[in-house]
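Visitor: fold the following, please.
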Amino acid sequence: ASRTGLMAYGHASGKELPELFDSIRHHQELGYKSIRVQTGVPGLKSIYGIASNATLEGNEGVRYDHEPAQRGAHPSQEDWDTRSYLRHVPTVFEAVRNEFGPELPLLHDGHHRMTPLQAAKLGKSLEPYDLFWLEDCTPAENQEALQLVRQHTTTPLAIGEVFNTIWDFKDIIRDQLIDYVRGAVTHMGGISPLKKTMEYAAMYQVKSGFHGPTDISPVGLAAQMHLGLAIHNFGIQEYMQHGDRTNQVFRQSFTFTDGY
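Guide: The predicted structure follows:
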C-alpha cells in the first residue's frame, strides 16, 4: 500500500447559483473535500449533470443522484447551446470561488460536447479559478485535438472514461496531453491492465482519476480502490455513493470518512 485512504470527489449541481451553493454545502456536510461543479445555463431547460433536472413524465421535481439517471417511458432529452455555456460557466466558477474560497478543489465535466477550439477557450477562461481538472472537454477519441487545447490553456485535463485499453491512452500520455487517467477497472479489463496503464503514466507525471459513477458496482469500485491504494501516482477517486437497495445487495467493508 502507498496510502491508507483515497481522496474522493462528489457531484454538486444546481440549475441556478442558490441551488448549486446548497448542493456544494450538502456535499461538504457529507465529508467531501473535493467537489465536481455542474451548472445550469440560462435559457436551457435540461443539460447534463444537473441532479434536479426532471425531463421525464412523472419525475418532475424529483432530484436524482445516480447514473444512469432517470427512468421513464421515453429517453430523457437534453438541451445544448455551446456559446451560452461558454459565456456562463466562468461566471459560475467565479461565484463559487467567492463563496467557498480558494482552497476547495473544484472539478468540472464538459462531457465531450465542445470542439477543440471551444474547449481551449473554456480552459483558458477557467484558469483564474484554479480547477483541479476539466474533464472530457472534447471527444476523447480525437486525440490529436488535445494538442490544440494544450496550446491555449494550463487548466489540467482529465480524459478516459470511454477508453478500454492502454492503447487508447498511450499517445496522449506520452505526448503529455492529459494530466489524469479516467479509466475504470471494469472498462479496462481488470486491475492488472489499469495498473500497467498507471505505471506507464507515472513516467510522464500523469496521475489517476478513476471513473466512479454508480453504474460501476461496489465490487468494481472496491477493486479500483485497491489499485488506488497501491499505486504511487494516485490523484483522486470519483465517488458517487450507491443507494440503500444497492448496498443491501452488495455488502461493503470500505468506509467514507472525512473526504477519504
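
Visitor: low-confidence ranges, the chain, go.
Guide: Applying pLDDT under 70 to the chain picks out residues 54-71.

Visitor: what about the helices in it?
Guide: Taking DSSP state H, the helices of the chain run over residues 17-30, 82-100, 116-125, 145-152, 166-174, 185-188, 191-202, 218-230, 244-249.

Visitor: pipe those helices into TSV and attach distance to Gly49 and mean neighbour count per row.
Guide: Just so you know, the C-beta spots here come from the backbone N, C-alpha and C atoms, and that holds for glycine as well. TSV is the format used below for the helices of the chain (distance: least, C-beta to C-beta, whole Å; neighbours: other C-beta atoms under 10 Å):
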stretch	distance to Gly49	mean neighbour count
helix 17-30	11	16
helix 82-100	12	15
helix 116-125	15	20
helix 145-152	20	17
helix 166-174	23	18
helix 185-188	20	22
helix 191-202	25	18
helix 218-230	20	19
helix 244-249	21	10
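
Visitor: beta-bridge partners for the residue positioned nearest the centre of the chain, please?
Guide: Nearest residue to the geometric centre of the chain (C-alpha atoms, centre = their mean): Asp109, 5.4 Å. Beta bridges link Asp109 to Glu135, judged by DSSP bridges.

Visitor: that one against Ile50, yeah?
Guide: No. Using C-beta atoms under 8 Å as the test, Asp109 is too far from Ile50 to be in contact (11.5 Å).

Visitor: next, show the common contact partners of those two.
Guide: Gln38 (C-beta atoms under 8 Å, 6 or more residues apart in numbering).

Visitor: gap between Gln237 and Leu86?
Guide: Separation of Gln237 from Leu86 (C-beta to C-beta, to the nearest Å) stands at 29 Å.

Visitor: correction: Thr246
Guide: Relative to Leu86, Thr246 is positioned 36 Å away (C-beta to C-beta).

Visitor: same question, Asp136
Guide: 15 Å.

Visitor: can you check Val249 too?
Guide: Counting by C-beta to C-beta - Val249 and Leu86 are separated by 42 Å.

Visitor: now stretch 102-117, how far from the chain's geometric center?
Guide: Relative to its chain's centre, stretch 102-117 lies at 8 Å (C-alpha atoms, centre = their mean, to the nearest Å).
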